[in-house]
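Have a look at this prediction, sequence included:
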Amino acid sequence: MDKLLFIKIVYIVSAVLFMYGLKRMAHPRTAVRGNLYGVLGMILAVAATMWSDDVEQVSWIAGGIFGGAAIGTLLAYLIQMTAMPQLVALFNGFGGLASVIVAGAMLLLPGNQPSTSEWVATALTGIVGSVTFLGSTVAFGKLQELDLFKNPRRLPFPHVVNSMLFVALIGLSILMIYNQDMYLYVVIVLVASLLGFLLVNSIGGADMPVVIALLNSYSGLAASATGFVISNNVLIISGSLVGASGIILTRLMCQAMNRSLVNVLFGVMESGSGDDDDDVYSDVTQTAAEEVAMMLEFAQRVVIVPGYGLAVAQAQHAVQNLGQLLEEQGTTVEYAIHPVAGRMPGHMNVLLAEADVEYEKLIEMDHINPTMNTVDVAIVIGANDVVNPCSRTDKNSPIYQMPIIDVDKARAVIVIKRSLSPGFAGIPNPLFALENTSMLFGDGKQMMLEITSAMQDA
């Protein structure tokens, strides 16, 4: 069989493995196996690429593979599960940067004369890849709560500035393609990097799950464009899969937060007015771990609602222990998962899975809301905006009509927070002052341990 034909067949097999793996990742039970299918597809694709090159190039590829594998393994061991969103943001950025470097390197190859279509693909790679890299870097800073990125900062007339930068990129790209000037590629990368910085820096922390999904899509699109630059079919296919799946996930996240994709693309976060904190929290009821334990002793159905505060307190194992104790006494325990709870899509699922909580007990918002009025006790740990009833009643609220978990309909609600501080939306939560709500102030992990200890001592 011809060598080139064999490599193309391997690429097709790799693409099929990518698609099949993506399909298997749609369900928690098969997600790990789906991930392995994707890994196998990438191994085959890399092996075929190495076989198609000469020995000197293979040595460089092998060096990159082992170096990258070492860095990836080190990160996997050092990064805590609570910091997984930051790692995902970095990976998105690295993907964009790799595309920018590969496309630029093709322009420097001796004797290389790119066609017009390859110049177009190179310009597109430079723009999308650079926006992805700097945007992901800013997203990492926000997720890590670095002082430089904590609060959204906007230039005067941000839409005008971003639009001017975008028009400049189009003009520079046309100029580069027309003149076939490789040095303009550097200018495109710099301008696109500035655009990526400005776009993501203006977005508040509440939109970070959407931003991560969007940047993931960008990294795929950049990789796909790079595939056209280097004429690599498997890179085109894999990048397209990542780009398409990222866009779909972004749309789902936008729906979950009641935001349009245009708002996210242009870094718009609508603000609204709300009631004064003193008025909202005038009738807050405070409780203690012992009182919560007494309530749980007689509860037949308990729903736990995790939020980012759970991740910060690293309370997932303490939550699992309490859930196991409740189940031993015959209580039905479920976990209500909001699509954007935490800092990335699936953040709460990952944390609870780390604590060996069974997937069947993780109930999505749409499935658990119709039965929330039959819940004896709902325990909210570190969640705020995703349980704020303002979304249903206050038209002036920035989260108006955002789907929430209807914990206020439970017979009793226990909210575990360090204080009455607002969530990312920056507004008070009337849930905290409802008659059926009691506030348990303190660290999420410590409070769960105290509740567990009180139940065991009873």
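Structure received. Owing to the predicted nature of the structure, the values given are computational and were not obtained by experimental measurement.

S219 versus F133, what's the distance?
Separation of F133 from S219 (Cβ to Cβ, to the nearest Å): 9 Å. Backbone N, C-alpha and C define where each C-beta goes, glycine included.

for P339, that is, sorry about that
21 Å.

and what of L351?
24 Å.

Mutual contacts of F133 and S219, please.
93, 96 (Cβ atoms under 8 Å, 6 or more residues apart in numbering).

Compare P339 and S219 and say which is more crowded by neighbours.
S219 (29 against 20; other Cβ atoms under 10 Å).

Give me the nearest residue to the more buried one, chain neighbours excluded.
G95 (3.6 Å; Cβ to Cβ, 6 or more residues apart in numbering).

show me what contacts that neighbour?
132, 219-220, 222-223.

got these as JSON lines, with distance to E358 and pLDDT columns?
Shown next, in JSON lines, are those (distance: Cβ to Cβ, whole Å; pLDDT from 0 to 100):
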{"residue": "T132", "distance to E358": "36", "pLDDT": "95"}
{"residue": "S219", "distance to E358": "32", "pLDDT": "93"}
{"residue": "G220", "distance to E358": "32", "pLDDT": "93"}
{"residue": "A222", "distance to E358": "38", "pLDDT": "94"}
{"residue": "A223", "distance to E358": "35", "pLDDT": "94"}
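
show me where the stretch 301-450 of the chain has strands.
All strands of the stretch 301-450 of the chain, identified by DSSP state E, counting those that start in this stretch, fall at 301-306, 332-337, 362-364, 377-381, 412-417, 437-441.

Which strands or helices does the fifth one pack on?
The one in question is strand 412-417. Strand 412-417 is packed against helix 289-297, strand 377-381, strand 437-441, helix 444-457, with contacts defined by 3 or more Cβ pairs under 8 Å, 6 or more residues apart in numbering; DSSP states H and E.

Dump the strands of the stretch 301-450 of the chain into a markdown table; add mean pLDDT, distance to L5 and mean neighbour count as well.
Output for those, formatted as a markdown table (pLDDT from 0 to 100; distance: least, Cβ to Cβ, whole Å; neighbours: other Cβ atoms under 10 Å):
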| stretch | mean pLDDT | distance to L5 | mean neighbour count |
| --- | --- | --- | --- |
| strand 301-306 | 96 | 52 | 25 |
| strand 332-337 | 95 | 47 | 22 |
| strand 362-364 | 91 | 46 | 16 |
| strand 377-381 | 95 | 57 | 28 |
| strand 412-417 | 94 | 62 | 24 |
| strand 437-441 | 94 | 67 | 20 |
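
I'd like those as CSV, with distance to E145 appended.
Listed next are the strands of the stretch 301-450 of the chain as CSV, based on distance: least, Cβ to Cβ, whole Å:
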stretch, distance to E145
strand 301-306, 19
strand 332-337, 23
strand 362-364, 26
strand 377-381, 19
strand 412-417, 17
strand 437-441, 21
